[in-house]
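In: next one to model:
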Amino acid sequence: MSRQPDSIIAGTQIPVSCKSPVVVAATAALALLLLIGAGCRSTLVSTTAKGPKLLELSGDLAVHDPVIIKEKYTYYVFCTGGGQRGGIIPIRCSTNLLHWTLCGSVFDLLPQWATNEIPRARGAWAPDISWFNGRYHLYYALSSFGVNESAIGLAVNETLDSADPRYQWVDQGLVVRSRAGVDDFNAIDPQLVIENKRNVWLCWGSFWGGIKMRRIDPATGKLSTQDATLYSLASRPRLQPHQTPPVEGAIEAPTVVRRGSWWYLFASYDLCCQGTNSSYNVRVGRSTRVTGPYLDRAGKPMMEGGGTMVIEATTPNWRGPGHQTVFQDANGDYLLFHAYDGRTGRPELKISTIVWDDGWPRVAPLP
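Out: Predicted coordinates:
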């Protein structure tokens, strides 16, 4: 019989404990859906202060595209990483959200199907972690920079504790694929969204036609064979003929989370991966339905390039904050993201508490 996590993080978005790997629940429906216990309550970090706070982190913070989840008393951050020498999808651990250590990786090498399907892939990108149906579900992306010959895969595990004899990542293979010249989307940056026991969704997207969503079969974790509807959640204007790599339509890394009666879509706009020249920033819109339409605070649809600013670089010290995830913990909500050191250009993990003003998120600025 599988053990149920005490708390789950927000990489996925299941508001009780949350995102995928830490699928922290926010509602009873979610809790029931995830079969999550409401047990673990960390008291080391509090978000009860009036204003948002940027946490003071230490340890191994060399993280790009973070996602987080909690099992029992440990927080786990998964991120982009790995290559031909192994260490695919690094994992970092913390017991207090503040000090982080490298504690393993999901794969030693990419699964064979992945290298057959996407020969140019050298590692796995932008994972997402969630708990439902008695297992952790980790979605990950395969691609190469600037093209949409991409794929999303799935691996599952009964526990995140590597000392547990049940610990084993079992790859489930291909979930969704995009092909150059065929699909107007890029199958990277996956995120699982659990609406209720019967309605589970996968969203993804980067450049091209923007952020997409499909229904998932909860039994398999793969695309539903009963409902093939492809929903479009957000996009940026593209006025010129397409170029590869793309130069317009810079939106990616969706995070969908429920708070109260609203669904919130966070996404990263503009350019990542340019070191000190990165222009990444995080924006948000909301909807009463998980499939949209999402509007920003001014009422502009995210399908028309709308999006209310959540965080951007405002000083030379840190550039390009983005590829966010929302972690809904028992103590409050957090925004995790990476930002680039303004001197070295290297990415680093950042965590801010979230304060909600009139139904809209506010986070601490970067120093």
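
In: mind listing the strands for the stretch 151-300 of the chain?
Out: 170-178, 191-194, 200-204, 211-216, 231-234, 251-259, 262-269, 281-287 (DSSP state E, counting those that start in this stretch).

In: okay, those strands, which one's buried deepest?
Out: Looking across the strands of the stretch 151-300 of the chain with neighbours counted as mean count of other CB atoms under 10 Å, the highest average goes to strand 191-194: a mean of 29. Placement of C-beta: from N, CA and C, glycine included.

In: quick one on the thing from earlier: among the strands of the stretch 151-300 of the chain, which comes closest to residue 123?
Out: Counting by CB to CB, residue 123 lies closest to strand 170-178 out of the strands of the stretch 151-300 of the chain; the figure is 14.9 Å.

In: what helix or strand is residue 115 on?
Out: If you go by DSSP states H and E, residue 115 is part of helix 112-117.

In: report all helices and strands that the helix or strand following that helix contacts.
Out: As assigned by DSSP H and E, the chain's next helix or strand after helix 112-117 is strand 125-132. Contacts defined by 3 or more CB pairs under 8 Å, 6 or more residues apart in numbering; DSSP states H and E place strand 125-132 against helix 28-34, strand 67-71, strand 74-78, strand 135-142, strand 191-194.

In: make it 7 Å
Out: Here strand 125-132 touches helix 28-34, strand 67-71, strand 135-142, strand 191-194, going by 3 or more CB pairs under 7 Å, 6 or more residues apart in numbering; DSSP states H and E.

In: switch those over to CSV; also include distance to residue 89.
Out: Below are the helices and strands packed on strand 125-132 laid out as CSV (distance: least, CB to CB, whole Å):
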stretch, distance to residue 89
helix 28-34, 22
strand 67-71, 10
strand 135-142, 6
strand 191-194, 15
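
In: any idea what the residue lying closest to residue 103 once chain neighbours are set aside is bridged to?
Out: Closest residue in space to residue 103, ignoring its immediate chain neighbours: residue 93 at 4.0 Å, by CB to CB, 6 or more residues apart in numbering. The partner list for residue 93 in beta bridges (DSSP bridges) reads residue 76, residue 101.

In: just to revisit the earlier point, for residue 129, find the nearest of the strands of the stretch 151-300 of the chain.
Out: It's strand 191-194; of those, that one is closest to residue 129 (CB to CB) at 8.5 Å.

In: that closest one: how far from the chain's middle?
Out: 9 Å (CA atoms, centre = their mean, to the nearest Å).

In: give me the sheet partners of it and which way each runs.
Out: strand 200-204 (antiparallel).

In: residues making contact with the partner strand?
Out: Outside strand 200-204, the residues within contact range by CB atoms under 7 Å, 6 or more residues apart in numbering are 139, 152, 175-176, 187-195, 211-216, 218, 233, 254, 256, 290.

In: and stretch 278-293, by the same measure?
Out: 193, 195, 201, 213, 231, 233, 256, 261-272, 294-296, 301-303, 306-312, 319-322, 324, 337, 340, 361.

In: do the same with stretch 120-129
Out: Outside of stretch 120-129, the residues within contact range by CB under 7 Å, 6+ apart are 11-12, 20-22, 65, 67, 69, 78, 80-84, 88-89, 110, 114-115, 136, 138-144, 188-192, 253, 323.

In: same thing with stretch 351-362?
Out: Contacts of stretch 351-362 (CB under 7 Å, 6+ apart): 47, 51-55, 57, 97, 262, 284, 297, 308, 310, 332-336, 363-364.
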